[in-house]
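Peer 1: all I have is the shape, not the residue letters:
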DNA sequence: CTAAACCTTCACGCTGACGTGAGGGTCAAG
DNA sequence: CTTGACCCTCACGTCAGCGTGAAGGTTTAG
């Protein structure tokens, strides 16, 4: 598949896809015309790249990660195992980020739920409990 | 406490702390000298800010989120109730952000867990399943 | 054969989150 | 009263992750 189709099917711009190749996050083949030729599996690959970038992982780490993910399909190759430590610290960073966001969302939801729907209800609350 | 101490106790540079104030992520008081005067609670606030920034959330979203993390006890004031709708969409964005981070972490965790602990284990896997 | 749609490589521009001085005030210690 | 640690406000520099043309080759429908 060519770049336009991949862009439509992933929701990622063509510019971003070319940038990903530049950063060695994708390695599409080339047609005789020079057009990029993406494999069907690149659709999933792009989604992986997107979520990792959105999660704040640096692209050079993602770039080192991808070749390790394809080869055996069963964990990292021996030569890749030196990456376990950075991977684990990234995982821990994500864990605490998720916890922070979950806490924030819980409190935000509580604030929304606690807020009266209209002025009458608020005035009733003030009458019952006193003003702030 | 002044900026240097807060910087040391959070591991964040003074420049970053001034930037956070510029972005309304922190609102330190001022001493007569003009020095910033941070509250002890700002240590925790800085950690919240840091993990959200590291998770890829834009600072203006964090700025709107931080006051929501403080439990005022009685919902929004009447004049603020017009912000309910934006707050709800922020909550939804927060939800999808959490989902993205969780997806990324799940992928990382799966990769880490599939990786053999040592070469012997890997060689055993190769012997049983064949090489790539 | 031609026009539209699709692709290519530069290459400059932009935003966010700071880094890095420059030039200067504040303040406790000697 | 000066030195050194600490703080201030500009203001330009940097890097990642793209956006946005410019100038031109390729493919396909009519």
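Peer 2: Received it, and whenever you're ready, just let me know what you need. The structure presented is a predicted model; accordingly, all values stated were derived computationally and were not measured.

Peer 1: chain center to stretch A:34-43: distance?
Peer 2: 21 Å (CA atoms, centre = their mean, to the nearest Å).

Peer 1: what stretches of chain A score poorly on pLDDT?
Peer 2: Residue ranges of chain A with pLDDT under 70: A:67-82, A:107, A:111, A:115-132.

Peer 1: in chain A, which residue is closest to the centre?
Peer 2: Here the mean C-alpha position of chain A is nearest to the C-alpha of residue A:51 (CA atoms, centre = their mean), at a distance of 1.7 Å.

Peer 1: which SSE is that one in?
Peer 2: Assigned by DSSP states H and E, residue A:51 falls within helix A:41-54.

Peer 1: so who does residue A:105 touch?
Peer 2: Taking CB atoms under 8 Å, 6 or more residues apart in numbering or on different chains as the criterion, residue A:105 is in contact with B:91, B:94-95, B:98. Just so you know, the C-beta spots here come from the backbone N, C-alpha and C atoms, and that holds for glycine as well.

Peer 1: pretty sure it sits in a strand.
Peer 2: No - looking at residue A:105 with DSSP: H, G, I helix; E, B strand; the rest coil, it is helix, so not inside a strand.

Peer 1: ok, it to DNA strand D distance?
Peer 2: For residue A:105, the distance to DNA strand D (CB to the nearest atom of the strand, to the nearest Å) stands at 24 Å.

Peer 1: any chance you could map the strands in chain A?
Peer 2: Along chain A, the stretches classed as strands by DSSP state E are A:29-30, A:36-37.

Peer 1: turn these into CSV, including mean neighbour count and distance to residue B:40.
Peer 2: What follows is the strands of chain A, written out as CSV (neighbours: other CB atoms under 10 Å in any protein chain shown; distance: least, CB to CB, whole Å):
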stretch, mean neighbour count, distance to residue B:40
strand A:29-30, 9, 58
strand A:36-37, 17, 55
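
Peer 1: would you turn those strands into JSON lines with distance to chain B?
Peer 2: What follows is the strands of chain A, written out as JSON lines (distance: least, CB to the nearest CB, whole Å):
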{"stretch": "strand A:29-30", "distance to chain B": "20"}
{"stretch": "strand A:36-37", "distance to chain B": "23"}
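
Peer 1: export the ones you listed as JSON lines, with columns for distance to DNA strand C.
Peer 2: Shown next, in JSON lines, are the strands of chain A (distance: least, CB to the nearest atom of the strand, whole Å):
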{"stretch": "strand A:29-30", "distance to DNA strand C": "8"}
{"stretch": "strand A:36-37", "distance to DNA strand C": "3"}
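
Peer 1: right, so of those strands, which gets closest to residue A:84?
Peer 2: Ranking the strands of chain A by their distance to residue A:84 (criterion: CB to CB) puts strand A:29-30 first, at 30.9 Å.
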